[in-house]
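Chemist: dropping a prediction and its sequence here:
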Protein chains: 2
Amino acid sequence: MIKGCATISRIAVGDGGAYSALHRFKGANMSRNDIHNSDVPILCRSCEVRHQGMCGALDQHHLLELSRYTQTVRYEAGAELIADDSEITSYANVMRGVVKLSKMLEDGRQQVVGLQFAPDFLGRLFGRQNTLEAEAASPVELCKIPKSALEKLVKAHPELEHRLMEQTLRELDEAREWMVTLGRKTASEKVATFLLLIATHIDPVANERQEERGERSMKFDLPLSRADIADFLGLTIETVSRQLTKLRKDGVIEIVNNRQVTVPDLGRLKVRCG
Amino acid sequence: MIKGCATISRIAVGDGGAYSALHRFKGANMSRNDIHNSDVPILCRSCEVRHQGMCGALDQHHLLELSRYTQTVRYEAGAELIADDSEITSYANVMRGVVKLSKMLEDGRQQVVGLQFAPDFLGRLFGRQNTLEAEAASPVELCKIPKSALEKLVKAHPELEHRLMEQTLRELDEAREWMVTLGRKTASEKVATFLLLIATHIDPVANERQEERGERSMKFDLPLSRADIADFLGLTIETVSRQLTKLRKDGVIEIVNNRQVTVPDLGRLKVRCG
DNA sequence: CGTCCGCTTTGATTAAAGTCAAACTTGGAG
DNA sequence: CTCCAAGTTTGACTTTAATCAAAGCGGACG
């Protein structure tokens, strides 16, 4: 939880000197009472993912209770958020950015086992040790909460556990969906499936709006390097690169600057997913 | 939920004519009251997995409430327990046997995305449609409960949801572990990993006893055909067969009758798992 | 007791992805 | 503005697993 924790903005904080989320607004000299008297904590009020994430289970009063323990932390791309085999001390919600979950074999072979976008929950609830590594794939903003605090809240508010259950079930669905990709798809289909995954997850809001308008084109930045994509798809860097080139030459995608991708027709991309 | 539902024993029931678990003991002419007066429902009393499964969350009273809705059903190997895309009408606990969860691509390519052993929970909690197929890999005994009944119970007893959460989290851990196998291991390592998985899951009780005694050998029946193993590992039947032959020739395993496997030294098998 | 069917094994060949190596962007530091 | 390092692409070749084909085995059944 140390490497790469950036000091990017006013609310950016390191592990050593974190501010409570409550202290963000108008500086730390604001009295606790002023904030507690408002209906919804300041930070939560501006939280774009509040209603979809686990916090959506909480009313004003409980949100306030929660916010007493949370802190917002920013990390730059590449920062290690959770170390494999480390003791679990806190959980978090992804507020912004993409988090890469990965596992390694003893000889160094790596597999990315999940990508988390806002408002996903981060951490193995009720666990003692982390069994995977979490890394910021892009600049990331987390809303962190100590393990014991969240577990107490969960015990006190079944509705909160229910929300987390729904999220966990969705993650399990996604993991199983990805197992099909890993086990049964060709390299070409894997790369197409990855692009579609990013296209549909990177900006859910803009994405939905686009869907409504019937637009089938899409433009986004890849949050992962070729090496990370390879580790996600169970391929090598070279194979990923070759398949991307093929998709480009076939007109399914356009690539600018290695990271920016345009998909002129999502339907055509879907066909390539197998 | 129709094909292959067998009538094997006294308690075996089809979908059309199910008995309540409460009516099992001493026949159906026994009055309801007699049974309700006992501390723990008859069926649950003999349930070997009660304490580990979700029912462990319930006290006598709630167990009784639960048992009012449950029914034990047996299926023969190969029976379809859940059809993909079907509406969810009931959940179940695996009491005995192995259940295979799989997904298919449009062109017929199949991937087994999980194996469930007693006392695993079966079904997508809070879902509307099934997103995978469940099939009895061996003769299976399920303790079924209607969707609405379980969901009401879950709502009323947070401790029950907590148990199910723990199970779901374990399943997610297992799915991610398997993603590493699918994405990054060689055919040979995949087969070894599969054998180890079966060895450690097929009979948890005997297995633990063995562990305690320091015994490193193990004997079991494969619950899956070569075709199913291939679909689990993302390989072809031929490759699975060749790798099994190699493990046999190397003295890591012994094979009798295609299904019976002996592992003389689990340590040696573990080394082969990568 | 033999035959048939489905499953499994084995063998020969092909296709797909990996490996090794080199060249090429690109974006940042000096 | 140029150079450098890291990341990416491309090419030649190798390895792995898939495919195609045929033979073996084992249990069910007449």
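Modeler: Arrived safely.
Chemist: got a list of what whatever residue of the stretch 1-150 of chain A ends up closest to DNA strand C touches?
Modeler: The nearest approach of the stretch 1-150 of chain A to DNA strand C comes at residue A:109, 8.9 Å away (C-beta to the nearest atom of the strand). Every residue, glycine included, has its C-beta placed from N, CA and C. By C-beta atoms under 8 Å, 6 or more residues apart in numbering or on different chains, the contact set of residue A:109 is B:184-185, B:274.
Chemist: for the closest residue to residue A:52 other than its chain neighbours, helix, strand, or coil?
Modeler: The shortest distance from residue A:52 to any non-neighbouring residue, by C-beta to C-beta, 6 or more residues apart in numbering or on different chains, is to residue A:119 (5.1 Å). Secondary structure, DSSP: H, G, I helix; E, B strand; the rest coil: residue A:119 is coil.
Chemist: quick check, pLDDT for residue A:119.
Modeler: pLDDT recorded at residue A:119 is 91.
Chemist: again with residue A:78
Modeler: 93.
Chemist: same thing with residue A:12?
Modeler: Residue A:12 is given a pLDDT of 38.
Chemist: returning to what we had before: quick check: the residue nearest to residue A:52 vs residue A:169, distance?
Modeler: As for residue A:119, its distance to residue A:169 is 15 Å (criterion: C-beta to C-beta, to the nearest Å).
Chemist: check residue A:274 too.
Modeler: Distance from residue A:274 to residue A:169, by C-beta to C-beta: 25 Å.
Chemist: and if you look at residue A:271?
Modeler: From residue A:271 to residue A:169 the distance is 29 Å (C-beta to C-beta).
Chemist: residue A:112 falls within a helix, correct?
Modeler: No - assigned with three-state DSSP, residue A:112 falls outside any helix and is strand.
Chemist: how is chain A partitioned into domains?
Modeler: A:21-174, A:185-271 (automatic domain parsing).
Chemist: where exactly do the helices run in chain A?
Modeler: Secondary structure of chain A (DSSP state H): helices located at A:32-37, A:42-45, A:60-67, A:147-156, A:158-184, A:187-201, A:204-212, A:226-233, A:237-249, A:266-271.
Chemist: which strands and helices lie in contact with the last one?
Modeler: Under the contact definition 3 or more C-beta pairs under 8 Å, 6 or more residues apart in numbering or on different chains; DSSP states H and E, helix A:266-271 sits against helix A:187-201.
Chemist: can you give me the buried ones in the helix it packs on?
Modeler: Neighbour-count burial for helix A:187-201 flags A:187-199, A:201 (criterion: 16 or more other C-beta atoms under 10 Å in any protein chain shown).
Chemist: number of nearby residues for residue A:203?
Modeler: Neighbours of residue A:203 under the rule other C-beta atoms under 10 Å in any protein chain shown: 18.
Chemist: which residues does it contact?
Modeler: Residue A:203 neighbours (C-beta under 8 Å, 6+ apart): residue A:220.
Chemist: one more: residue A:58?
Modeler: Counting by C-beta under 8 Å, 6+ apart, residue A:58 makes contact with A:66, A:157, A:159-160.
Chemist: how about the domains of chain A in TSV, adding distance to residue B:230?
Modeler: Shown next, in TSV, are the domains of chain A (distance: least, C-beta to C-beta, whole Å):
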stretch	distance to residue B:230
domain A:21-174	20
domain A:185-271	15
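Chemist: confidence-wise, which of those is weakest overall?
Modeler: Among these, domain A:21-174 carries the lowest mean pLDDT (a mean of 86).
Chemist: that one and DNA strand D, are they touching?
Modeler: No - Domain A:21-174 lies apart from DNA strand D when judged by C-beta under 7 Å from any atom of the strand; the minimum separation is 8.4 Å.
Chemist: only whichever of the contacts of residue A:109 are buried, select them in ChimeraX.
Modeler: In ChimeraX, a selection of the buried entries from the contacts of residue A:109 looks like this (16+ other C-beta under 10 Å):
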select /B:184,185,274
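Chemist: make JSON lines from the contacts of residue A:109 and add distance to residue A:98 to it.
Modeler: Shown next, in JSON lines, are these (distance: C-beta to C-beta, whole Å):
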{"residue": "B:184", "distance to residue A:98": "21"}
{"residue": "B:185", "distance to residue A:98": "26"}
{"residue": "B:274", "distance to residue A:98": "28"}
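Chemist: so which of the contacts of residue A:109 is the closest to DNA strand D?
Modeler: Relative to DNA strand D, and with distances defined as C-beta to the nearest atom of the strand, the nearest of these is residue B:185, at 7.7 Å.
Chemist: list the contacts of the residue lying closest to that closest one once chain neighbours are set aside.
Modeler: Nearest in space to residue B:185, with sequence neighbours left out and distances taken as C-beta to C-beta, 6+ apart, is residue B:274 at 5.0 Å. Applying C-beta under 8 Å, 6+ apart, we find residue B:274 in contact with A:105-107, A:109, B:184-186, B:189, B:192-193.
Chemist: follow-up on the earlier one: of residue A:271 and residue A:169, give the one with the bigger neighbour count.
Modeler: residue A:169 (19 against 11).
Chemist: ok, now how distant is residue A:200 from DNA strand D?
Modeler: In this view, residue A:200 and DNA strand D are 21 Å apart by C-beta to the nearest atom of the strand, to the nearest Å.
Chemist: so is stretch A:177-187 next to DNA strand D?
Modeler: No - counting by C-beta under 7 Å from any atom of the strand, DNA strand D is not contacted by stretch A:177-187; separation bottoms out at 9.0 Å.
Chemist: hang on, residue A:41 packs against residue A:62?
Modeler: No - using C-beta atoms under 8 Å, residue A:41 is not in contact with residue A:62; the gap is 10.7 Å.
Chemist: next, count neighbours for residue A:257.
Modeler: 7.
Chemist: could you do residue A:40 as well?
Modeler: Applying other C-beta under 10 Å, I find that residue A:40 has 17 neighbouring residues.
Chemist: I'd say it and residue A:65 touch.
Modeler: No - between residue A:40 and residue A:65 there is no contact under C-beta under 8 Å: 12.0 Å.
Chemist: next, format the buried residues of helix A:187-201 as TSV and append distance to DNA strand C.
Modeler: Compiled in TSV, these are given as follows (distance: C-beta to the nearest atom of the strand, whole Å):
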residue	distance to DNA strand C
A:187	4
A:188	6
A:189	8
A:190	7
A:191	10
A:192	12
A:193	12
A:194	13
A:195	16
A:196	17
A:197	18
A:198	19
A:199	21
A:201	24
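Chemist: quick check: which of these are also close to chain B?
Modeler: Filtering the buried residues of helix A:187-201 for proximity to chain B by C-beta under 8 Å from any C-beta of the partner chain leaves nothing.
Chemist: tell me the contacts of the nearest residue to residue A:53 once chain neighbours are set aside?
Modeler: Leaving aside its chain neighbours, residue A:53 sits nearest to residue A:119 (3.2 Å; criterion: C-beta to C-beta, 6+ apart). Residues near residue A:119 by C-beta under 8 Å, 6+ apart: A:49-50, A:52-54, A:93-95.
Chemist: measure residue A:119 to DNA strand D for me?
Modeler: Counting by C-beta to the nearest atom of the strand, the gap from residue A:119 to DNA strand D is 27 Å.
Chemist: what ranges does the stretch 1-150 of chain A have for its strands?
Modeler: A:71-75, A:80-82, A:90-96, A:98-104, A:110-117, A:121-122, A:133-136, A:140-146 (DSSP state E, counting those that start in this stretch).
Chemist: distance to residue B:240 added to those, as CSV?
Modeler: Below are the strands of the stretch 1-150 of chain A laid out as CSV (distance: least, C-beta to C-beta, whole Å):
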stretch, distance to residue B:240
strand A:71-75, 43
strand A:80-82, 35
strand A:90-96, 39
strand A:98-104, 24
strand A:110-117, 21
strand A:121-122, 37
strand A:133-136, 31
strand A:140-146, 41
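Chemist: could I get the ones you listed as TSV with mean neighbour count and distance to residue B:87?
Modeler: Listed next are the strands of the stretch 1-150 of chain A as TSV, based on neighbours: other C-beta atoms under 10 Å in any protein chain shown; distance: least, C-beta to C-beta, whole Å:
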stretch	mean neighbour count	distance to residue B:87
strand A:71-75	23	42
strand A:80-82	21	38
strand A:90-96	22	33
strand A:98-104	22	32
strand A:110-117	22	28
strand A:121-122	18	28
strand A:133-136	23	36
strand A:140-146	23	37
